[in-house]
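Participant: Sequence and predicted structure are below.
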Amino acid sequence: AQTVTQSQPEMSVQEAETVTLSCTYDTSENNYYLFWYKQPPSRQMILVIRQEAYKQQNATENRFSVNFQKAAKSFSLKISDSQLGDTAMYFCAFMNGNAGNMLTFGGGTRLMVKP
Amino acid sequence: GAGVSQTPSNKVTEKGKYVELRCDPISGHTALYWYRQSLGQGPEFLIYFQGTGAADDSGLPNDRFFAVRPEGSVSTLKIQRTERGDSAVYLCASSRDYNEQFFGPGTRLTVL
């Protein structure tokens, strides 16, 4: 079974600055995908960024980028130029590419962007 | 196009009652997932449909929980003899491929 751990229950950052959210996972699989989801108070989970395990290049989506360290089983999210609208819960998630495609989520990090 | 919709948005029921939660996936998405999110935690997988059949129901906590997707589109999660521990947000997601799941806004279930 896979496990996903987010060790930072809460984080805060000043508007326009950079913040990094941590995520580690445990798996014996080689074919898998990693995701970061954002959940604002509206409850809707929104995909922020995804990473295929077979790709060495770190994924980037505008202000969001990841640091994927496969050997260390680490998958951190960097948010640059933080905006007030980034305030939300952030969840790291793992998908086993060989079985079922269901997501295994971490416990989440609450991010507060301060003006 | 329309996203994943879930009804009701909120449901309050009494212990021991039966409830049904509905999910309308994005049109054309063959895969549908149910997750349960307890307060302050990440979502936990319940069941996964590929088309009309339940491909994996290993996350259902006990036999009080059941889900159907009779025509391969809308799905209903059914909970019998509700208990206070069932109180949570129930999230539905759909996908066309295994790269991205699109989530609905969830149903907040409160069992008194």
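Facilitator: Alright, I've got the coordinates. Numbering: from 1, shown residues only, chains lettered A, B, ... in the order given.

Participant: Whatever helix or strand A:F68 lives in packs against which elements?
Facilitator: Counting by DSSP states H and E, the element that carries A:F68 is strand A:64-69. If contacts are counted by 3 or more Cβ pairs under 8 Å, 6 or more residues apart in numbering or on different chains; DSSP states H and E, strand A:64-69 sits against strand A:32-39, strand A:46-52, strand A:74-79. In short, each C-beta sits where N, CA and C put it, glycine included.

Participant: switch to 7 Å and redo it
Facilitator: strand A:46-52, strand A:74-79 (3 or more Cβ pairs under 7 Å, 6 or more residues apart in numbering or on different chains; DSSP states H and E).

Participant: which one of the ones you listed lies closest to chain B?
Facilitator: strand A:46-52 (5.7 Å; Cβ to the nearest Cβ).

Participant: do the closest one and chain B meet?
Facilitator: Yes - Strand A:46-52 lies within reach of chain B by Cβ under 7 Å from any Cβ of the partner chain, at A:L47, A:R50.

Participant: Buried residues in that strand, which are they?
Facilitator: A:L47, A:V48, A:I49, A:R50, A:Q51, A:E52 (16 or more other Cβ atoms under 10 Å in any protein chain shown).

Participant: Pairing partners for the helix or strand just after it, with directions?
Facilitator: Later in the chain than strand A:46-52, the nearest helix or strand by DSSP H and E is strand A:60-61. Next to strand A:60-61 in the sheet, as set by DSSP bridges, lie strand A:64-69 (antiparallel).

Participant: hey, C-alpha coordinates of the partner strand in PDB?
Facilitator: C-alpha atoms of strand A:64-69 as PDB (Å, rounded to 0.1, in the frame of the first residue of the first chain):
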ATOM      1  CA  PHE A  64       3.900  26.500  -9.700                       C
ATOM      2  CA  SER A  65       6.700  24.100 -10.000                       C
ATOM      3  CA  VAL A  66       7.800  20.800  -8.300                       C
ATOM      4  CA  ASN A  67      11.000  19.400  -7.100                       C
ATOM      5  CA  PHE A  68      10.700  15.600  -7.800                       C
ATOM      6  CA  GLN A  69      13.400  13.500  -6.100                       C
END
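
Participant: Residues in contact with that strand: which ones?
Facilitator: A:L34, A:V48, A:I49, A:Q51, A:N58, A:A59, A:F75, A:S76, A:L77, A:K78, A:I79 (Cβ atoms under 7 Å, 6 or more residues apart in numbering or on different chains).

Participant: If you rank those by neighbours, which is first?
Facilitator: Counting neighbours by other Cβ atoms under 10 Å in any protein chain shown, A:F75 comes out on top of the contacts of strand A:64-69 with 28 neighbours.

Participant: Kindly indicate which of the contacts of strand A:64-69 lies nearest B:D56.
Facilitator: B:D56 lies nearest to A:L34 out of those, by Cβ to Cβ, at 20.0 Å.

Participant: who does that closest one bridge with?
Facilitator: Where A:L34 sits in a bridge, its partners, by DSSP bridges, are A:Q51, A:F94.

Participant: Quick check: it vs chain B, distance?
Facilitator: A:L34 sits 12 Å away from chain B, going by Cβ to the nearest Cβ, to the nearest Å.

Participant: can you pull the contacts of A:F91?
Facilitator: A:F91 neighbours (Cβ under 7 Å, 6+ apart): A:Y37, A:Q39, A:F105, A:G106, A:G108, B:G42.
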